[in-house]
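S.K.: Only the shape, not the letters, is given here:
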């Protein structure tokens, strides 16, 4: 899993930031380890909400269905590959 960020202006107000919607994405290339150009795909709403909540709570690892996401290492792995 790689992450991409949209920068927020330093002079953005707390009100501006509180209205932001976060969409977590993953590199859906068949083999993302080849370092090709990332092919970003969004997580579904349930997984997106789980990831965002875990991030806010500073969790390092999140279990979302058949996948484990390491927020610390920024990896998205199938459980059976562990």
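M.R.: Structure's in. What do you need? Keep in mind the model is a prediction, meaning the values are calculated, not measured.

S.K.: Low-confidence regions, this protein specifically.
M.R.: For the chain, the stretches with pLDDT under 70 are 1-20, 80-82.

S.K.: Taking the centroid of it, which residue is nearest it?
M.R.: The structure's the chain has its C-alpha centroid closest to residue 24; by CA atoms, centre = their mean the separation is 3.8 Å.

S.K.: Does residue 61 touch residue 75 like I think?
M.R.: No: counting by CB atoms under 8 Å, no contact exists between residue 61 and residue 75, whose distance comes to 9.6 Å. For every residue, glycine as well, the C-beta is placed using N, CA and C.

S.K.: Looking at the two, which is more packed in?
M.R.: Legend: neighbour count by other CB atoms under 10 Å for residue 61 and residue 75, higher for residue 75 (15 against 12).

S.K.: just the helices in this structure please.
M.R.: 14-18, 45-56 (DSSP state H).

S.K.: want to try a markdown table for those, with distance to residue 71 and mean neighbour count as columns?
M.R.: Below are those laid out as a markdown table (distance: least, CB to CB, whole Å; neighbours: other CB atoms under 10 Å):
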| stretch | distance to residue 71 | mean neighbour count |
| --- | --- | --- |
| helix 14-18 | 20 | 8 |
| helix 45-56 | 6 | 15 |
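
S.K.: Tell me which of these sits nearest to residue 29.
M.R.: Set against residue 29 and scored by CB to CB, the helices of the chain come closest in helix 45-56, at 18.5 Å.

S.K.: From the chain's centroid, how far away is the closest one?
M.R.: In terms of CA atoms, centre = their mean, to the nearest Å, the gap separating the centre of helix 45-56 from the centre of its chain is 8 Å.
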